[in-house]
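J.: quick one, fold the following:
(one chain, ligands or ions: 2)
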Amino acid sequence: MEYETIGKPPAETMAVKPNLPDLDAAKQGFQWADMYREISWLPGGYLNQAHECIDRHVEAGNGDKTAMIWVGKNGEEERYTFADMKRETAKFANVLEGLGVQHGERVFIFMERLPELYFAFFGVLKHGAVVGPLFSAFGPDPVRDRMEDSGARVLITQPDLRKRIAEVLPDLPALEHTIIVNKNNRSSEPLEPGDLSYESLMAGASDEYDTAATSMYDYSVIHYTSGTTGKPKGAAHRHLAVVQQYATGKWVLDFHPEDLYWCTADPGWVTGTSYGMFAPWSNGVTQLIYEGGFGASAWYQMIEKYGVTVWYTAPTAVRMLMKAGEELPGRFDLSSLRHINSVGEPLNPEAVIWGTKVFDQPIHDNWWQTETGAIMVANYPAMDVRPGSMGRPIPGIEVAILDNDYNPLPPGNEGYLAVRPGWPSMFHTYWNNQPMYNTKFHKGWYISGDQSRMDEDGYVWFVGRADDVINTAGHLVGPFEVESVLIEHPAVAEAAAIGVPDDLAMEVVKGFVALKDGFEPSEELRREILGHGRQRLQAIAPRSIEFRASLPKTRSGKIMRRLLKAEELGLPLGDTSTLEDD
Ligand code: ATP
Ligand code: MG
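T.: Numbers count the residues shown, from 1 in each chain. Ligands and ions are numbered 1, 2, ... in the order given. I've put the predicted structure just below:
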């Protein structure tokens with residue numbers, strides 16, 4: 001078959017040589033044990049992610065290298081070296097020790113992207129406890145649900161966030177200590193009775209700490225999933241995950257020592273920890289951390305000012321940048337960017353190609369989940385991109401497309417996207433829900449819950465989440481295909497497709513669209529978009545289009561098709577704890 005392709009020059013001619021010049025060659029005989037030799041272990045064969053990401057660089061003589069450039073929401077800037085990180089995390093580990101926190105106990109972090117979030121995070125790991133990251137925009141209920149489910153003993157937060165969730169703190173019997181970070185004295189209010197001051201605890205803590213001798217199988221992070229398809233589940237990860245986080249940082253994000261890396265994901269979601277902490281720092285790379293939220297100009301300015309070379313973002317952000325127009329990026333010097341990546345949702349071909357116009361390179365889509373802990377399928381700097389494809393599996397990972405009986409299908413067929421268990425960053429359980437974990441495995445495969453197709457060259461194409469696939473007159477339709485066509489229309493910024501019941505066809509496709517700035521809904525535009533869909537999609541085209549000011553999304557930026565469907569059918573909305581407010 002012929003595919004639309006964005007070609008790449010031969011690897012040896014690229015100005016910065018890709019770490020993975022030839023995927024097929026790298027896969028030959030690859031074993032994860034090969035990678036074990038590239039990371040550094042603690043004496044006795046122990047493994048700790050804090051040691052891998054921080055202390056080992058100091059021990060190797062790179063303590064003076066900048067680990068983090070932090071830019072606050074008011075433009076403040078702070079810089080920390082790996083040596084600074086080692087000291088601050090050692091202090092926090094000592095603080096936990098002083099509070100009597102035991103290895104394996106859960107410590108939750110509910111903070112904005114402040115340097116102290118990162119110190120606390122790695123301090124918890126250094127101490128051998130388990131971190132639970134919480135997205136800072138959560139309200140009281142999502143915070144209570146997660147902390148209750150995992151029996152958190154300590155919470156680290158900020159004055160304003162503590163106020164927001166105050167009502168639920170008494171409901172958490174396992175919670176013993178609330179530590180308040182008052183960054184640069186932003187708050188002048190006294191602490192609530194019983195709360196502890198981060199600054200006072202740290203001032204009295206020693207900056208020497210012997211990293212806990214955690215085994216590679218010990219839990220390190222519990223990440224709750226995004227809640228796109230239902231109630232979020234607590235995926236428990238282990239220190240061993242760092243092996244794959246390191247490897248994919250090298251192969252997929254293509255980290256080189258001189259890189260300046262920016263990951264726009266919040267550490268409350270798995271991309272913000274696996275790729276906003278573990279991958280870059282295990283590779284010893286300097287990263288930019290921006291406390292502020294999305295803003296097209298502000299983001300372009302960050303890239304220009306700091307000379308970002310490697311960038312990891314998400315389709316929603318890309319679509320918002322597209323919405324802001326092609327003229328805006330021309331006002332900034334974005335020439336430092338060498339490699340751009342996206343994850344979290346389907347990246348429409350239109351968006352991949354937009355990258356070539358605005359950044360002179362395609363946006364590299366890759367696929368993984370909270371459960372997989374690290375990237376599984378990817379586009380690489382030295383591999384041709386087929387817009388709309390998530391790329392090919394990384395070395396050491398076996399991916400298959402399975403039929404309804406969980407047997408592998410030949411290339412070209414749509415089915416369940418599955419992975420052979422045993423990859424290093426694989427989740428080990430859903431916290432308090434082993435039965436749910438067990439339902440994810442069939443005939444020796446981990447079933448991801450996504451539907452895909454693999455072409456004859458091993459590129460994987462996303463079809464939809466298994467729950468979202470539409471059955472119209474015997475055709476199985478992936479919403480992604482329909483949505484990608486809808487957003488090609490010049491007026492459409494975002495699109496979602498669902499199936500609605502139909503007497504004849506079982507289901508027919510309905511599209512929801514949000515328009516780009518400067519376009520207004522009208523009957524004429526509706527007909528035009530329907531016509532565009534019909535021309536491109538024929539039998540599987542949407543029969544109706546509804547305009548929306550915006551589409552319902554999770555706080556991690558994913559379109560919640562199940563909500564559109566429930567609204568359409570007048571059904572209960574289900575778990576909406578991660579729904580973004582408008
Ligand atoms: P929940 O499991 O609670 O419903 P979630 O699946 O959205 O939430 P995450 O683990 O954050 O939680 O998201 C992983 C999912 O995101 C994948 O299973 C897939 O559906 C989608 N996804 C991730 N990357 C891509 C991609 N490159 N293309 C298409 N979909 C993607
Ligand atoms: Mg999921």
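
J.: got the residues of the stretch 201-350 of the chain near ligand 1?
T.: Contact residues, the stretch 201-350 of the chain versus ligand 1 (C-beta under 6 Å from any ligand atom): 225-230, 232, 270, 343-347. Every C-beta, even on glycine, is put in place using the N, C-alpha and C of the backbone.

J.: what about the residue in the stretch 251-400 of the chain that ligand 1 sits nearest to, how many residues close to it?
T.: When distances are taken as C-beta to the nearest ligand atom, the stretch 251-400 of the chain reaches nearest to ligand 1 at T370, 3.3 Å away. If you count neighbours by other C-beta atoms under 10 Å, T370 ends up with 20.

J.: please tell me I have it right and it contacts A236.
T.: No - with contact defined as C-beta atoms under 8 Å, T370 does not reach A236; the gap is 10.5 Å.

J.: overlap in contacts, these two.
T.: Contact criterion C-beta atoms under 8 Å, 6 or more residues apart in numbering; residues shared by T370 and A236: F427.

J.: nearest residue to whichever residue of the stretch 51-200 of the chain sits closest to ligand 1 other than its sequence neighbours?
T.: Per C-beta to the nearest ligand atom, the residue of the stretch 51-200 of the chain with the smallest distance to ligand 1 is F135, at 11.1 Å. Nearest in space to F135, with sequence neighbours left out and distances taken as C-beta to C-beta, 6 or more residues apart in numbering, is G268 at 2.8 Å.

J.: state the number of residues packed around the one you found.
T.: Residues near G268, counting by other C-beta under 10 Å, number 26.

J.: tell me where the stretch 151-300 of the chain has helices.
T.: 159-165, 198-203, 241-251, 270-273, 279-282, 296-306 (DSSP state H, counting those that start in this stretch).

J.: tally up the residues packed near R144, please.
T.: By other C-beta under 10 Å, neighbour count at R144 equals 18.

J.: ok, the nearest residue to it once chain neighbours are set aside - contacts?
T.: Nearest residue to R144 in three dimensions, chain neighbours excluded: V168, at 3.9 Å (C-beta to C-beta, 6+ apart). Taking C-beta under 8 Å, 6+ apart, we find V168 in contact with P140, D141, V143, R144.

J.: just flag the most distant two among these.
T.: D141 and V143 (7.2 Å; C-beta to C-beta).

J.: between those two, which one's more packed in?
T.: V143 (24 against 13).

J.: surely that one and R162 touch.
T.: No - assessed by C-beta under 8 Å, V143 is found out of contact with R162, at 10.3 Å.

J.: picking up where we left off before, and the residue of the stretch 251-400 of the chain closest to ligand 1, what helix or strand is that in?
T.: When elements are assigned from DSSP states H and E, T370 belongs to no helix and no strand.

J.: what's the spacing between it and V221?
T.: To V221, T370 is 10 Å away according to C-beta to C-beta, to the nearest Å.

J.: low-confidence ranges, the stretch 101-250 of the chain, go.
T.: Applying pLDDT under 70 to the stretch 101-250 of the chain flags no residue at all.

J.: what segments of it are strands?
T.: 106-110, 130-134, 154-157, 177-180, 196-197, 219-224, 234-238 (DSSP state E, counting those that start in this stretch).

J.: point out the residues in the chain that sit beside ligand 1.
T.: 225-230, 232, 270, 343-347, 365-367, 369-370, 390, 448-450, 462, 465, 556, 558.

J.: was I right to think E78 contacts D84?
T.: No - if you go by C-beta under 8 Å, E78 and D84 don't touch, sitting 9.7 Å apart.

J.: if you count surrounding residues, which of those two has more?
T.: D84 (21 against 15).

J.: is the more buried one part of a helix or strand, or is it coil?
T.: Each residue gets one of three states, and D84 gets helix by DSSP: H, G, I helix; E, B strand; the rest coil.

J.: contacting residues for it?
T.: By C-beta under 8 Å, 6+ apart, the contact list for D84 reads A67.

J.: could I get the pLDDT score of it?
T.: D84 is assigned a pLDDT of 98 by the prediction.

J.: run a quick neighbour tally on E304.
T.: 17.

J.: for it, what are its contacts?
T.: F332, D333, L334, S336.

J.: with F255 instead?
T.: Per C-beta under 8 Å, 6+ apart, neighbours of F255: N19, G249, Y261, A279, P280, N283, V285, V310.

J.: where does the chain have its least confident helix or strand?
T.: strand 475-477 (a mean of 86; mean pLDDT, DSSP states H and E).

J.: so what strands line up beside it?
T.: With DSSP bridges as the test, strand 475-477 is paired with strand 470-472 (antiparallel).

J.: pull out the buried residues from the partner strand.
T.: Judged by neighbour count using 16 or more other C-beta atoms under 10 Å, the buried positions of strand 470-472 are I470, T472.

J.: still on that earlier bit, between the contacts of F255, which sits nearest K65?
T.: V285 (9.2 Å).

J.: pretty sure the closest one contacts P257?
T.: Yes - using C-beta under 8 Å, V285 is in contact with P257, at 7.3 Å.

J.: give the contact list for the residue of the stretch 251-400 of the chain closest to ligand 1.
T.: By C-beta under 8 Å, 6+ apart, the contact list for T370 reads H223, Y224, T225, S226, A235, W269, V270, F427.

J.: in a markdown table: those, plus neighbour count.
T.: Formatted as a markdown table, the contacts of T370 follow (neighbours: other C-beta atoms under 10 Å):
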| residue | neighbour count |
| --- | --- |
| H223 | 27 |
| Y224 | 27 |
| T225 | 22 |
| S226 | 23 |
| A235 | 23 |
| W269 | 25 |
| V270 | 30 |
| F427 | 26 |
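
J.: secondary structure class for the residue nearest to E483 when sequence neighbours are not counted?
T.: If the residues on either side of it in the chain are set aside, E483 comes closest to A495, at 4.3 Å by C-beta to C-beta, 6+ apart. Look at A495: counting by three-state DSSP, its state is strand.

J.: any figure for the gap between A495 and M383?
T.: In terms of C-beta to C-beta, A495 sits 28 Å off from M383.

J.: ok, the two, which is more surrounded?
T.: A495 (28 against 21).

J.: test my guess that that one contacts V509.
T.: No - counting by C-beta under 8 Å, A495 does not reach V509; the two are 11.2 Å apart.

J.: now list whatever residues contact both of those two.
T.: Counting by C-beta under 8 Å, 6+ apart, the residues touching both A495 and V509 are V482.

J.: identify the residues contacting L564.
T.: A496, I498, F512, L551, P552.
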